[in-house]
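Enquirer: have a look at this fold, sequence not included:
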C-alpha cells in the first residue's frame, strides 16, 4: 500500500524505523507496470491516466504511486540501511481458474474506472477499452508489476 502514501508520510516512517533500528519488509509494492497480452492501442494512454489517478491524495497527502518504492529505497539507503528487492509480479491468466478470471475482470474495471475519473472527457474511448479488455480476458493475460523490499539496519 506504499503507493497510497505521500513523500512526507514515507519520510516519517523511515525516520521512525531508523530511530528504532528496525528492519523493514514491504511486499507487493506496485511498480507501475501493466503488461497486457494481447496489446491494445489504448493501453499506454489508460496506463498514464491510471498512474496520474494513483498519485491523487488518498488521505496521506499527494500519493507517490509507483514512485513510492524507489523513494523508500533512496531514503533507507541514505540512512545506512542495506536494501534488497525482488520482483513479485502478479501474473494473471484468466483461463487458469474462475478466481483468476474474476481478478482479471476486476482489475480491468478498476483501472478503467480510475482512468475515467482522471479524464471524464474520454469516457467513450475508455469504456471501449474496458469492453475490449473484457473480451480479450479469456485468451489473454495480465502482468501487474510488484516488488518486495527488505531493508536491514
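Expert: Sure, I can see it. Keep in mind it's a predicted model, so treat the numbers as computed, not measured.
Enquirer: now do the helices in the chain.
Expert: Assigned helices in the chain, in chain order: 7-20, 43-54, 68-78, 98-118, 123-136 (criterion: DSSP state H).
Enquirer: please name the nearest non-neighbouring residue to the one residue sitting closest to the centre of the chain.
Expert: The centroid of the chain falls nearest to residue 30 when counting by CA atoms, centre = their mean (3.4 Å). Closest residue to residue 30 apart from its sequence neighbours, by CB to CB, 6 or more residues apart in numbering: residue 3 at 5.0 Å. Any C-beta I mention is one placed from the backbone N, CA and C, and that applies to glycine too.
Enquirer: report pLDDT for the one you found.
Expert: As predicted, residue 3 sits at a pLDDT of 93.
Enquirer: can we start the residue count at 725 from this point?
Expert: Understood, numbering begins at 725; the last thing we discussed is residue 727.
Enquirer: spit out the contact partners of it.
Expert: Counting by CB atoms under 8 Å, 6 or more residues apart in numbering, residue 727 touches 753-754, 778, 787-790, 792.
Enquirer: where does this structure dip in pLDDT?
Expert: For the chain, no stretch is flagged by pLDDT under 70.
Enquirer: pull the longest strand from it.
Expert: The residue-count maximum for a strand in the chain (DSSP state E) belongs to strand 748-761.
Enquirer: just the buried residues of it, please?
Expert: 748, 750, 753-756, 758, 760 (16 or more other CB atoms under 10 Å).
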